[in-house]
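1. for reference, the sequence and a predicted model appear below.
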Amino acid sequence: MDPALLFRVLVVAPGHEPRFFPKVDPRRGPLEAELNPRSVTNLPPSHLLLGRVVDEEGNGVENAVVSLDSLRQGDTTHGSPPEGTDPLAITDERGDFFLSSKEGFEAMNLEVEARRFARKKFNGLSGGTKRHTLKVTVGAALTGRVLKDGKGLEGVALGVVSQDRGIENFTGDFVIGTMDDGRFLFSNLPPGRDYYVYGIMSSLTNHGALPAQLVRLGADGTTKELGELKLVPGVKLAGHVKLSDGAPLPPHTRVSLSSEEAWDVLAVELGAEGRFALEHLPPGTHNVSARVPGYRIAGANASFDASNPFRLLGQLKTDKTNLTLLLEPGEDLRSEYSSNPTGERPRDLPLAGIEQKRRIPNPRTLTGRVTDAETGRPLNQFRVLPGRRSSPTSPQTEWQYSRMLAQSNGVYALEVSRQGGTVLLQVEADDYLPAVSASLSADAAGWDFQLKKCWTPSGVLLTPEGKPAQGAQIIYIGEGEQAGLRMSGELSSYHLRPGSEARTDAQGRFGFAPKLGEGELVAVSTEGWRRFTLPELKAQTNVTLQGWTRVVGRLIRNGQGAAREHVDLQSPAIWDGRRPWMNYHGTITDEAGRFVIEHVPPGTWHLSTRVPSGGASWSNTRQHEFKAAPGETVDVGTIQQKSP
C-alpha cells in the first residue's frame, strides 16, 4: 500500500451516532474513535427508520451491515442523502438497527449484507415507529475452474455481476480469486438471477482474456457448476489521446476501458504524447474514456456515445492500434435519447475515434443553401443540426445535438441514414432565428434555408426588494420542452437543447440564444420565483422575482387522517404537447394526514392525490383548488379526500 495514502474512516456502533474521521494516516498508529451515545426516544418519527434483520427461521442476524442506498423526501429521491443522515448501521445481537436523519423523510431504500447470507435490497421502507422486518437468505453458489494450456490457473481474479443493473435490484459485483488448482467458488449470491461471469482484466494481463458469459443461478441453497473456463489470447487496443486546442495533457492523465457486460475497468497512465496500449482484452463491446479537467469527449469521435456523453462505445473484435480519442474544452455534452435502429447504434459498430469518419450504414447526403432572408446573401457561419421523427406526422422531433456541424459560405452538406424514421434539419446562426425544414422524404436532396434576424432574449433579474438577484437559476423552455420545480426550490430539466440553462451574474443579468416558437423562461432563487414569456421580457427587461408561498393543510379519509398519501401541486392548465410545460412537486402526508408544501409559486393551483396504475405509474385526482399570493402561508384547512 502506498505510504502516502490517507483514509476517510467511518466508525459505527449500536446505540451511537456514526462518525467519519478524515485524513487518517495508518503510520500514526491505531485510530482512537470517540462516539456520542444516541437514543431513538428523542427523535421525531419522521426522522427515524427502525428495522430488524432476520434469517429464514426468523432469528435475528447480528453484525449485519445495513447501508442506505437512497432516501426519498416528497417526490425527490436523493442518491446522496442530506447532511446528517446515517450512511449505515450495524445490527445488534437481536438483529435490530435504526437509521436517522436530521431532516424528515418519506422512505429509505436499503441494502443488507451479512456473513453467510446473500446481499439483498429492501426498497420503499417508510420512517416512523413501526419496526420493519428484513429477511435475508443464504443465496446460491457458483463454481468452476479456470484453465490455461490445459492446466488450472492459480491466483487470478474472477468477477460476477447481475445482468439486471436496475436500481431496484442491483446489489453490486462480486470478486474472488482462483485456488491452486484453478478452481473458484462464489457463495451467497442473490438467487434466481442471470449473471455475467468474467475474468478481471488487470489480473490476467500476462495470461490472456476470459470474456464474459451469461449464466442463470437457481434458488437458495443451489450450486451452479460452470465446468472448465478456458482463456483466449485477447485483443489489443492502442492509440493516443489529444486535446483539440493543442494544449499538452496534464501529467498522470489516464485512459480507461471497460466491458459493457462485465463490471470491470482497466486503466493505464498515458505515456509520451498521450499514447497508450492495452493488451489481452476480451473481444466484445467496450467503452473507452479519459478525463482532463476543463475538457470533454468531443462529439466528433466516430464512436461517441450520445446517451452517455463521457465515453466512446463500440465493438472491439480484433486488434486496433490507431485509436485517436479527441477531447475538447467544455463541460460534458448533454445526454441524448437515441432511437437509432439496430446496426446504427454505437454499440453495433467498430470502436473508433477521430481517426476515421463516423460510419453511417446506408447513408445519403443532404445539401442546400443558407441565406439571409432580407438580403439574400449567403451566411458566412452557421450550424446544421439533424433530427428524426418516428413518422412524418409525429409532433416530436429527436434532435441530435451531438451531431451538430459548423458550416460556412452559405452551403452545407450533411450525411444522414436512410433508416430510422423521417429526417428533418434545423439551421441556426448567431443573431438569427433558427429555421427548420419540412420532413424530408427518402428521395429529397436537401433544403434551402432563409434565416431572419431576431431579438436575443436577455434581461436583468431582481429580488422582491428590487436588488440584483445574483446566482439565480434560469431555464429557457421552448415549444414542446419540459422542465420541473423540485421541492427544494430548484429547477430540473428534461433533455432541453444545450444552452437552455443559465445563472445570473453579479448584476442579475442573463441571456440566451433564440429558440423556435414562443418560449418561456422560469427563474428561481432562495428568495422567490418568476415565470414569464418572451413578449413580456421584450417589453420589460427588468424582471422581479415573486416570493415563495407555503401551503399547509390536512387530508382526511373516512373521518381519519389519510396517512402517507402523496399530495401533488398541479397547474390548472392542460398540456397539449406543444407549449412549454412545467411539472411541479408535492409532499407526503404524515401519520395524521397533515402536510406542508414549501416553495410554492404564487398563483392558482390544484392539490391532487395519486391513484396507482401499475408499476411506478399513477394518475392524479384533483382534491382542492386554492390561490396563493407572494410570500404568504396558505392554510387550506381540512380536505376530504375524493374517490377517483
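-> Nice, I can see it.

2. next, the distance between the ends of stretch 522-537.
-> Its first and final residues considered, stretch 522-537 spans 11 Å by C-alpha to C-alpha, to the nearest Å.

3. what does it rub up against?
-> 457, 459, 461, 463-464, 469, 471-475, 477, 483, 485, 489-491, 504, 510, 518-521, 543-548, 582, 599, 601-602, 630 (C-beta atoms under 8 Å, 6 or more residues apart in numbering). The C-beta positions use only the backbone N, C-alpha and C, and glycine is treated the same way.

4. buried subset of the residues you listed as a ChimeraX selection?
-> Selection of buried members from those for ChimeraX, criterion 16 or more other C-beta atoms under 10 Å:
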select :457,459,461,463,464,469,472,473,474,475,477,483,485,489,491,504,510,519,520,521,543,544,545,546,547,548,582,599,601,602,630
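
5. which of the contacts of stretch 522-537 fall within strands?
-> Among the contacts of stretch 522-537, DSSP state E puts 459, 461, 473-475, 477, 483, 485, 491, 510, 520-521, 543-544, 582, 599 in strands.

6. report the buried residues of stretch 491-506.
-> Those would be 491, 493, 496, 497, 500, 502, 504, for stretch 491-506 by 16+ other C-beta under 10 Å.

7. can you list those residues in TSV and add distance to residue 586 and pLDDT?
-> As requested, those are exported to TSV (distance: C-beta to C-beta, whole Å; pLDDT from 0 to 100):
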residue	distance to residue 586	pLDDT
491	16	95
493	19	85
496	23	83
497	28	83
500	25	92
502	27	94
504	28	97
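
8. I'd like the distance between the most far-flung residue of the chain relative to its centre and residue 452.
-> If you look at how far each residue of the chain sits from its centre, by C-alpha atoms, centre = their mean, the farthest one is residue 375, at 45.8 Å. Residue 375 is 11 Å from residue 452, where distance means C-beta to C-beta, to the nearest Å.

9. same question for residue 141.
-> The value you get for residue 141 to residue 452, if C-beta to C-beta is used, is 69 Å.

10. look at the two and report which has more neighbours.
-> residue 141 (18 against 11; other C-beta atoms under 10 Å).

11. what's the next secondary structure element after the helix or strand where that one lies?
-> Here residue 141 sits within strand 140-148, counting by DSSP states H and E. Where DSSP H and E defines the elements, the next helix or strand beyond strand 140-148 is strand 151-152.

12. neighbouring strands - and their directions - for the very next helix or strand once past that next one?
-> Note on strand 151-152: by DSSP H and E, the next helix or strand toward the C-terminus is strand 157-162. As defined by DSSP bridges, the strand partners of strand 157-162 come to strand 173-177 (antiparallel), strand 194-199 (antiparallel).

13. quick one, strand 157-162 and strand 140-148 angle?
-> Here the directions of strand 157-162 and strand 140-148 differ by 140 degrees (axes from the mean of the first three to the mean of the last three C-alpha atoms, to 10 degrees).

14. what lies in contact with strand 157-162?
-> By C-beta under 8 Å, 6+ apart, strand 157-162 touches 142, 146, 169-178, 184, 186, 189-190, 193-200, 202-203, 210, 262-264.

15. how about stretch 72-86?
-> 18, 68-71, 87, 99-109, 124, 486-488, 566, 568, 585-588.

16. what is the mean pLDDT for stretch 376-390?
-> Stretch 376-390 comes out with an average pLDDT of 93.

17. now swap in stretch 243-258 and tell me
-> On average, stretch 243-258 scores 95.

18. next one: that stretch to chain centre, how far?
-> Between the centre of stretch 243-258 and the centre of its host chain there is 24 Å, according to C-alpha atoms, centre = their mean, to the nearest Å.

19. just the endpoints, please. Distance across it?
-> Stretch 243-258: ends 22 Å apart by C-alpha to C-alpha.

20. pick out the most distant pair among the buried residues of stretch 491-506.
-> 497 and 504 (20.0 Å; C-beta to C-beta).

21. which residue ranges of the stretch 251-400 of the chain form strands?
-> Shown for the stretch 251-400 of the chain, the strands assigned by DSSP state E, counting those that start in this stretch span residues 254-259, 265-269, 275-281, 284-290, 295-297, 312-316, 320-329, 363-372, 381-389, 398-399.

22. neighbouring contacts of whichever helix or strand comes after the shortest one?
-> Toward the C-terminus, strand 398-399 is succeeded by strand 405-408 as the next helix or strand (DSSP H and E). Counting contacts by C-beta under 8 Å, 6+ apart, the residues outside strand 405-408 that touch it are 370, 380, 381, 382, 383, 384, 385, 412, 413, 414.

23. out of those, who's nearest residue 638?
-> Residue 638 has its nearest neighbour among these in residue 385, at 52.8 Å by C-beta to C-beta.

24. who are the contact partners of the closest one?
-> With C-beta under 8 Å, 6+ apart, residue 385 has these contacts: 399, 400, 401, 403, 404, 405, 425, 426, 427, 428.

25. can you tell me how far it sits from residue 329?
-> 21 Å.

26. give me the pLDDT for residue 13.
-> The model's pLDDT for residue 13 equals 81.

27. my guess is it contacts residue 35, does it?
-> Yes - between residue 13 and residue 35 there is a contact at 5.7 Å, judged by C-beta atoms under 8 Å.

28. buried set for stretch 146-160?
-> Here stretch 146-160 shows 146, 148, 153, 156, 157, 158, 159, 160 as buried, counting by 16+ other C-beta under 10 Å.

29. ignore the last one, stretch 250-258
-> 253, 255, 256, 257, 258.

30. can you list the residues that contact that stretch?
-> So stretch 250-258 is contacted by 201, 237, 241, 264-270, 274, 276, 278, 281, 286-293, 325 (C-beta under 8 Å, 6+ apart).

31. which residues does residue 579 contact?
-> 479, 480, 518.

32. state the distance from it to residue 497.
-> 16 Å.

33. can you check residue 201 too?
-> 38 Å.

34. try residue 102
-> Distance from residue 102 to residue 497, counting by C-beta to C-beta: 38 Å.

35. now swap in residue 566 and tell me
-> For residue 566 relative to residue 497 (C-beta to C-beta), the value is 31 Å.

36. tell me the strands beside the helix or strand bottoming out on mean pLDDT in the chain, with direction?
-> Here the helix or strand of the chain ranked lowest by mean pLDDT, DSSP states H and E is strand 76-78, holding a mean of 80. The pairing partners recorded for strand 76-78 under DSSP bridges are strand 65-73 (antiparallel).

37. ok, back up a step: ok, so of the contacts of residue 385, who is nearest residue 366?
-> For the contacts of residue 385, the nearest to residue 366 is residue 425 (6.6 Å; C-beta to C-beta).

38. bridging residues for the closest one?
-> residue 386.

39. ok, it touching residue 445?
-> No - Residue 425 is beyond contact range of residue 445, at 11.9 Å (criterion: C-beta under 8 Å).

40. name the residues contacting each of the two.
-> Common contacts of residue 425 and residue 445 (C-beta under 8 Å, 6+ apart): 366, 368.

41. of the two, which one has the most company?
-> Neighbours were counted for residue 425 and for residue 445 using other C-beta under 10 Å; residue 425 has more, 21 against 10.

42. coming back round to it: now do the residue farthest from the centre of the chain against residue 410, distance only.
-> From residue 375 to residue 410 the distance is 12 Å (C-beta to C-beta).

43. rewinding a little: would you single out the least confident of the strands of the stretch 251-400 of the chain?
-> strand 398-399 (a mean of 86).

44. break the protein into its domains for me.
-> With domains defined by automatic domain parsing, the chain comprises 39-135, 140-230, 235-348, 363-453, 458-544, 549-640.

45. that concludes my questions; thank you for your assistance.
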